[in-house]
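*Asks:* got a structure for you, letters missing:
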Ligand SMILES: C[S@@+](CC[C@H](N)C(=O)[O-])C[C@H]1O[C@@H](n2cnc3c(N)ncnc32)[C@H](O)[C@@H]1O
């Protein structure tokens with residue numbers, strides 16, 4: 001068995017460098033995903049024609065990574081919030097490793113210029129995002145929610161550019177799904193911009209709509225409503241943005 005110490009809180013990774021050029025598996029990609037609010041590591045093993053997915057708990061992930069390095073691959077790269085760790089298994093079975101700072105992964109950029117791009121900073125608590133598994137109760141972004149948090153911030157930047165003198169808005173989110181963006185939109189207009197907004201989310205999935213309404217009720221978001229329905233059949237007069 002290889003002697004190797006792996007970091008905690010892996011966000012993503014890749015296992016590559018086939019030991020045998022005739023082996024079936026080409027590479028393995030690793031990603032932390034959220035299943036029922038719990039971070040799980042998803043291993044995607046690529047052959048030349050197919051991808052096989054396997055979800056494992058964090059506690060089992062290290063053994064699985066090490067078994068890939070023992071049996072099939074020589075290279076490993078793992079990204080955490082702070083560092084990118086690289087490992088290489090030599091022909092003699094030793095493991096060489098190094099780490100470098102993960103530039104992309106910092107949610108609050110170091111440079112002052114970039115900082116203005118983030119409307120919502122890591123640590124700014126948006127209660128509904130806790131229910132959706134993106135933030136911890138102290139406002140810290142969960143590792144599984146990290147990509148979504150970046151997407152949310154980009155979305156807010158775009159919305160911020162569109163807003164001029166409006167004081168009141170009616171918004172409909174067609175195909176709102178889990179409504180990460182809908183909740184953040186409500187938070188942005190009501191809590192940050194102090195505007196009067198009505199937001200409607202529409203989706204075909206009843207369970208998702210019920211869950212969204214529960215979260216909206218829980219936080220007293222009285223002007224945020226979710227309905228089950230088909231976009232094609234929606235008839236209410238609404239301003240679209
Ligand atoms: C990819 S998800 C998008 C979720 C969300 N808007 C976002 O950006 O994260 C697309 C959603 O559209 C919904 N959808 C697809 N066709 C629809 C239709 N005809 N009427 C209502 N919802 C629909 C699906 O149920 C799904 O939840």
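*Replies:* That came in fine, so what should we check first? Source: prediction; values computed, not measured. Residues are numbered from 1 along each chain as shown.
*Asks:* And the nearest residue to residue 139 once chain neighbours are set aside, how far from the ligand?
*Replies:* Closest residue to residue 139 apart from its sequence neighbours, by C-beta to C-beta, 6 or more residues apart in numbering: residue 125 at 3.5 Å. Every C-beta, even on glycine, is put in place using the N, C-alpha and C of the backbone. As judged by C-beta to the nearest ligand atom, to the nearest Å, residue 125 and the ligand stand 21 Å apart.
*Asks:* which residues in the chain form helices?
*Replies:* 58-71, 112-115, 127-131, 146-162, 180-186, 206-218 (DSSP state H).
*Asks:* Enumerate every residue touching the spatially closest residue to residue 196 that is not a sequence neighbour.
*Replies:* Using C-beta to C-beta, 6+ apart and skipping residues adjacent in sequence, the residue nearest residue 196 is residue 168, 4.6 Å away. For residue 168, the contact set (C-beta atoms under 8 Å, 6 or more residues apart in numbering) comprises 195-197.
*Asks:* can you redo those residues as TSV with pLDDT and neighbour count?
*Replies:* Shown next, in TSV, are these (pLDDT from 0 to 100; neighbours: other C-beta atoms under 10 Å):
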residue	pLDDT	neighbour count
195	91	14
196	93	13
197	94	18
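*Asks:* quick check, nearest of those residues to residue 29?
*Replies:* residue 197 (39.5 Å; C-beta to C-beta).
*Asks:* partner residues bridging the closest one?
*Replies:* Assessed by DSSP bridges, residue 197 has beta-bridge partners residue 169.
*Asks:* you'd agree it is up against residue 169?
*Replies:* Yes - assessed by C-beta atoms under 8 Å, residue 197 is found in contact with residue 169 at 4.7 Å.
*Asks:* residues shared between the contacts of the two?
*Replies:* With C-beta under 8 Å, 6+ apart as the test, residue 197 and residue 169 both reach residue 189.
*Asks:* Residue 11 - how many residues pack around it?
*Replies:* Using other C-beta atoms under 10 Å, residue 11 has 20 other residues around it.
*Asks:* quick one: it from the ligand, how far?
*Replies:* Applying C-beta to the nearest ligand atom to residue 11 and the ligand gives a distance of 20 Å.
*Asks:* Now do the contacts for that residue.
*Replies:* 31-32, 79-81, 105, 143, 146.
*Asks:* now with 6 Å?
*Replies:* Residues counted as contacts of residue 11 (C-beta atoms under 6 Å, 6 or more residues apart in numbering) are 32, 79, 143.
*Asks:* and what of residue 118?
*Replies:* By C-beta under 6 Å, 6+ apart, residue 118 lies in contact with residue 153.
*Asks:* so how far is the ligand from it?
*Replies:* Distance from residue 118 to the ligand, by C-beta to the nearest ligand atom: 19 Å.
*Asks:* for residue 35, same thing?
*Replies:* Remark: distance between residue 35 and the ligand (C-beta to the nearest ligand atom) = 17 Å.
*Asks:* which non-adjacent residue is nearest that residue?
*Replies:* With C-beta to C-beta, 6+ apart, the residue lying closest to residue 35 is residue 55, at 6.8 Å.
*Asks:* Point to the helix or strand of this structure where mean pLDDT is at its lowest.
*Replies:* Of all helical and strand segments in the chain, the minimum by mean pLDDT, DSSP states H and E falls on helix 112-115, at a mean of 36.
*Asks:* So residue 31 is in contact with residue 42, correct?
*Replies:* Yes - the pair residue 31 / residue 42 is scored as a contact, 5.1 Å apart, by C-beta atoms under 6 Å.
*Asks:* Which residues of the protein lie near the ligand?
*Replies:* In this structure, the chain approaches the ligand at residues 175-177, 180-181, 202-205, 230-232, judged by C-beta under 6 Å from any ligand atom.
*Asks:* Any chance of CSV for those, columns pLDDT and distance to residue 222?
*Replies:* Formatted as CSV, the residues of the chain next to the ligand follow (pLDDT from 0 to 100; distance: C-beta to C-beta, whole Å):
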residue, pLDDT, distance to residue 222
175, 96, 23
176, 95, 17
177, 94, 22
180, 88, 20
181, 91, 19
202, 95, 18
203, 96, 20
204, 95, 24
205, 95, 23
230, 93, 25
231, 93, 24
232, 92, 28
